[in-house]
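S.K.: What shape does this take:
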Amino acid sequence: MGNLADELRALHDALRVQTRGSYERDLPFEELLFDRWERARSLGFGEDASIYHNAYVFGDVTVGAGTWIGPFVMLDGSGGLQIGATCSISTGVHIYTHDTVRWALSGGEQEPERAPVRIGACTYVGAQAVVLKGVTIGDHCVVGAGALVNRDVSSYSIVDGVPARVRGRVVIDEATGAIELVRDG
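M.R.: Below you'll find the model as predicted:
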């Protein structure tokens, strides 16, 4: 067993040096070993999507091309989850398509409630945000870090807070592609 442990430590050290040199970062061993893009392909996600090894995926989850799913993310697709193309799902985001409130309150007599979640294309969901069952978030949205999204969000909206509320809008100049984040008040 000592040889295997020594070999794993040597591999870990070599991968750390390589990753630091190429990307100026240090990651847990499993993140150094496994390819995020390969994992996304194995899950049937869109072309060039990536998902960290330590992200959880349950049920029916569809992810569009080019979407980045960060570390420590929870994707609960037990009620159906669709995430559009070119989205950024930041570290620690939790997206739930079910809850067990009535199940717990009924002593297990009632079933968990499920409802699908849809996140449109080109949307950013900030770190530690939580999206609850039945919510639709439109295209080109910004969900602030730590937000609790418990209702639908229209396309081109900026939301944050607990519960999340519209705080502004995303304006994209069609001619130049310039993006402006306009905050209310």
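S.K.: my guess is residue 182 meets residue 166, correct?
M.R.: No: with contact defined as C-beta atoms under 8 Å, residue 182 does not count as touching residue 166 (11.4 Å). (Glycine included, C-beta is placed from N, CA and C.)
S.K.: hey, what's in contact with both of the two?
M.R.: Both residue 182 and residue 166 are contacted by residue 158, under the criterion C-beta atoms under 8 Å, 6 or more residues apart in numbering.
S.K.: and the two? which has more neighbours close in?
M.R.: Each of residue 182 and residue 166 has its neighbours counted (other C-beta atoms under 10 Å); residue 166 has more, 14 against 11.
S.K.: ok, and for the helix or strand hosting that one, which residues are buried?
M.R.: Assigning secondary structure by DSSP states H and E places residue 166 in strand 165-172. Under the neighbour-count criterion of 16 or more other C-beta atoms under 10 Å, strand 165-172 has 167, 168, 169, 170 buried.
S.K.: now stretch 137-149
M.R.: Buried residues in stretch 137-149 (16+ other C-beta under 10 Å): 137, 138, 139, 140, 141, 142, 143, 144, 147, 148, 149.
S.K.: Just the ones of these in strands?
M.R.: Members of the buried residues of stretch 137-149 lying in strands (criterion: DSSP state E): 137, 142, 143, 148, 149.
S.K.: Quick check: neighbours of the lengthiest strand in the chain in the sheet, parallel or antiparallel?
M.R.: Determined from DSSP E, the single longest strand within the chain is strand 74-83. Here strand 74-83 is paired, per DSSP bridges, with strand 56-63 (parallel), strand 94-95 (parallel), strand 117-119 (parallel).
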